[in-house]
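Novice: pasted the sequence and its predicted model underneath.
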Amino acid sequence: MEVRKLHPLFAAELIGADVSDPQNRELIDTVEDAMREYAVLCIRGQGHINDQQQLAFARAFGPLELPPGNNAPGVKSRIAPGLYSASNLDANGEIVALESRSAKIAKGNELFHADSSFNDMPSKWSILRGVIIPPERGDTQFIDMRAVYEALPQAMKDRIADLKAEHSYAHSRRKAGADADDNLPMFKYMRAVQPMVKQSPSGRPTLFVGAHAERVIGMDEEEGTALIEELLAFAEQPQFIYSHKWQPGDIVIWDNRCTLHRGTEFDYLRYKRDMRRANVNESGEERCAIPAEALTQHYQQLSKAEAAN
Ligand SMILES: [Fe+2]
């Protein structure tokens, strides 16, 4: 196996690996070491991997954060329980309408974010597997937030040193133009307070602000929003971004503790995209971050609202 750097600051490709054997100690150690240093790792040529093998590979690095949709009553799924779907497909594998709820909600993924930063359950990595890839566009872009922090002016580092921000899933959905009522049962659980500066696994300090960051604790709302937007604009400069061009069979792993990512647009109505994500968490246990009752109530309320329209 060989690790080859993909960008001057971060991101690497692991060449010569086969992720189908999670018992392979050399593979697991190589991935852990590369992730600590590069924070984004691409493993190409894994088209032979199925859902169960992806889950087994992910579990070699820690317990999973299970997707809420898995437990939703009556929800039919094309993919194995335990995996998040990142696709434009419905349960039958057909392209969903642009005005559908899931398409509108997915729009928020085009803003730079760290997965699950709105959960108290601490996220470690996301492991995304490309099953069906549009033939053009639709790159996933990543930002190295350790490099971003390092490049911040000292006055800004001092200003944010002890600040915390509240992250909320509903907030990033609204930012992307979707309806997201804070009072919906699930959204009440999808918010968490996070320090704005953390230590990354490499030991380097990292900025921890993305699209889910809604307000700065103890700061006037307008001032807090301005600060969050200033930091995001700084982070989104081209020199900090690695853009991944997908091929079918790619697996890309990113560290949610020190990178941001976003999906980019593709011809949504013309091309199918099927990507499947496993999320590894640091809480020590495998579970969904949202209580099952909240999930049931959430979908009941949404169906009622849709029936009324
Ligand atoms: Fe994401």
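Specialist: Now that the structure is in, tell me what you want to look at.
Novice: can you confirm Val193 is in a helix?
Specialist: No: counting by DSSP: H, G, I helix; E, B strand; the rest coil, Val193 falls outside a helix, being strand.
Novice: residues in contact with it?
Specialist: Lys164, Ala165, Glu166, His167, Ile217 (C-beta atoms under 8 Å, 6 or more residues apart in numbering). Where C-beta positions appear, they are placed from N, C-alpha and C, glycine not excepted.
Novice: nearest to Gln237, of the residues you listed?
Specialist: Ala165 (20.4 Å; C-beta to C-beta).
Novice: I'd assumed Met196 was in contact with that closest one.
Specialist: Yes: here Ala165 reaches Met196: they are 5.5 Å apart, a contact under C-beta atoms under 8 Å.
Novice: out of those two, which sits in the busier spot?
Specialist: Shown here are Ala165 and Met196; by other C-beta atoms under 10 Å, Ala165 has more neighbours (26 against 21).
Novice: how about that one, nearest residue that isn't a chain neighbour?
Specialist: Ala213 (4.5 Å; C-beta to C-beta, 6 or more residues apart in numbering).
Novice: please apply the same query to Lys245.
Specialist: Nearest non-adjacent residue to Lys245, counting by C-beta to C-beta, 6+ apart: Asp139, 5.5 Å away.
Novice: same question, Ser77
Specialist: Leaving aside its sequence neighbours, Ser77 is closest to Ala91 (6.4 Å, by C-beta to C-beta, 6+ apart).
Novice: just the contacts of Val193: which are in helices?
Specialist: Assigned to helices by DSSP state H, none of these qualify.
Novice: quick one: the longest helix along the chain to chain centroid distance?
Specialist: When the chain is parsed with DSSP H, its longest helix is helix 292-308. Here helix 292-308 is found 24 Å from its chain centre; the criterion is C-alpha atoms, centre = their mean, to the nearest Å.
Novice: for that helix, buried residues please.
Specialist: Ala294, Leu295, His298, Tyr299 (16 or more other C-beta atoms under 10 Å).
Novice: kindly report the same for stretch 115-133.
Specialist: 115-119, 121-131, 133.
Novice: all helices for the stretch 101-250 of the chain, in order.
Specialist: With helices called from DSSP state H, counting those that start in this stretch, the stretch 101-250 of the chain shows them at 101-106, 145-151, 154-160, 169-175, 185-189, 221-235.
Novice: okay, buried residues for the third one please.
Specialist: Going back to what we said before, that points to helix 154-160. Met156, Ile160.
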